[in-house]
Every structure is written in structure tokens, then in C-alpha cells.
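Visitor: build me a model from this:
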Amino acid sequence: MTGQKTVNPSADSIATSARAAVKKGPPPVDNWNPPFCGDLDMRIARDGTWFYLGTPIGRHELVKLFASIIRKDGEKYYLVTPVEKVGITVDDAPFVAIDFEPSKDGLAFVTNVGDEVVAGQENPIRVIRDPETGEPSPYILIRRNLEALIDRKSFYRLVDIGEVAPHQGADWFGVWSGGVFFPIIPADELP
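Guide: Numbering: from 1, shown residues only. Prediction:
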């Protein structure tokens, strides 16, 4: 095609475009509609480790940069800059909530890439249970439609501060934050 530049996606080209966009503040990735340039061999493992071409990305600042431009459209994840959009693989959630502290506003979570949110109406906690094993997978909404898997130690701490409260016509065990009750398990299923 005449006048149109072919873009071959790479981690370097995405990083360069992202650095330029981030200089102006938090990137408005939801407002960018660049052409889809294909899938990149980049994966975020369930434990929050980012891989490129099968190798862990060791530079935390680079991971934070990529994390700032991730977007979820439907069920697929992309890295988006003003000039390119590339698909990536996410094993579970793009972030991991690695800690939380009670604050005057509620439970303040921090992720592996430095995002900080207080659980509440805007940043709800949800727990999915495996239908076969019953094992819980807890998540908190971080931004837009991007969630963090709450790590095991933080989930155990949530359970330690949990209580039974009425929720949607039944008693549930869960936690309060930001004036909102987040159910974890039906009270009648408690051990």
C-alpha cells in the first residue's frame, strides 16, 4: 500500500512509544485507537512475572512501563500506544496485589507494578471458586477493566479480618472496605 508504513511489533518499539506517551502523564490508552499490529510473544504469568520471547523481563521499570499501557478489549489483552496495538498473553490477571493495609478509607492494596487502590465501590473485590476443588481466586479491580489477583498471603490476611454479614438475602463471610461488603464464601460453608 502506498503511503502506509508497515509496523513490525517488538518490545523495543512498544517501549519507545510508551516512554513518549508516559512523559505527558498517565497514558490514556482507552482513547487510543491505533492499528492492530499483530501479537507479540509477551506473556504475564499468574504470579505476575512478565516474559518476552520466553525469558523473564528482569528490569522492573520496563515491566512498570508496559503495565501502564495494557488494555483489555473483550477477553483479550493488548499493549497500546498512540501508534500501535499488539496482543499479549495473560495467564490469569495482568497484575498481582502483593499487599494491603487498613486505612481510614478502607483496605489499601498495592500491586506488583506499584498501582495503589482502596477497595470499595470503584475498586471491588471479587472471589471466584474453582467448581471442582472449591479453591478461591480473589481479585481486586485496579483500573478500567483490569484486575489484580490477590496473592495468597494477602488473601489469608483478608480472611483473618473477615466477618459474617448479610448479603443478598443470605449470610456471607467476607470483608468490609470503603463502606462496601465483599463476600468471600457463604457463611453456611464455613468450616
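
Visitor: okay, CA-based contacts and neighbour counts for the rest of this
Guide: OK.

Visitor: low-confidence ranges, this protein, go.
Guide: For the chain, residues meeting the criterion pLDDT under 70 lie at 1-8, 17-18, 20-25.

Visitor: how many neighbours does residue 72 have?
Guide: When counting by other C-alpha atoms under 10 Å, one arrives at 16 neighbours for residue 72.

Visitor: if you drop the residues flanking it in sequence, what lies closest to it?
Guide: residue 78 (6.3 Å; C-alpha to C-alpha, 6 or more residues apart in numbering).

Visitor: ok, now residue 39?
Guide: For residue 39, the spatially nearest residue (C-alpha to C-alpha, 6+ apart) is residue 87, at 4.2 Å.

Visitor: now do the same for that neighbour: helix, strand or coil?
Guide: With DSSP: H, G, I helix; E, B strand; the rest coil as the basis, residue 87 sits in strand.

Visitor: quickly list what it is bridged to.
Guide: Taking DSSP bridges as the rule, residue 87 bridges to residue 39, residue 78.

Visitor: check contacts around it.
Guide: 38-40, 76-79 (C-alpha atoms under 8 Å, 6 or more residues apart in numbering).

Visitor: columns neighbour count and distance to residue 95 on top of the residues you listed, output as JSON lines?
Guide: Below are these laid out as JSON lines (neighbours: other C-alpha atoms under 10 Å; distance: C-alpha to C-alpha, whole Å):
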{"residue": "38", "neighbour count": "16", "distance to residue 95": "23"}
{"residue": "39", "neighbour count": "16", "distance to residue 95": "20"}
{"residue": "40", "neighbour count": "20", "distance to residue 95": "18"}
{"residue": "76", "neighbour count": "11", "distance to residue 95": "15"}
{"residue": "77", "neighbour count": "19", "distance to residue 95": "12"}
{"residue": "78", "neighbour count": "22", "distance to residue 95": "14"}
{"residue": "79", "neighbour count": "24", "distance to residue 95": "14"}
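
Visitor: and of these, the nearest to residue 158?
Guide: residue 77 (28.4 Å; C-alpha to C-alpha).

Visitor: any chance you could map the helices in the chain?
Guide: Along the chain, counting by DSSP state H, helices occupy 11-22, 60-67, 152-161.

Visitor: just send those back as JSON lines, with distance to residue 45 and mean neighbour count too.
Guide: JSON lines is the format used below for the helices of the chain (distance: least, C-alpha to C-alpha, whole Å; neighbours: other C-alpha atoms under 10 Å):
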{"stretch": "helix 11-22", "distance to residue 45": "17", "mean neighbour count": "16"}
{"stretch": "helix 60-67", "distance to residue 45": "13", "mean neighbour count": "16"}
{"stretch": "helix 152-161", "distance to residue 45": "15", "mean neighbour count": "14"}
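
Visitor: now the ones you listed in TSV, with distance to residue 99?
Guide: Listed next are these as TSV, based on distance: least, C-alpha to C-alpha, whole Å:
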stretch	distance to residue 99
helix 11-22	26
helix 60-67	17
helix 152-161	6
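
Visitor: of those, which is nearest residue 103?
Guide: helix 152-161 (13.6 Å).
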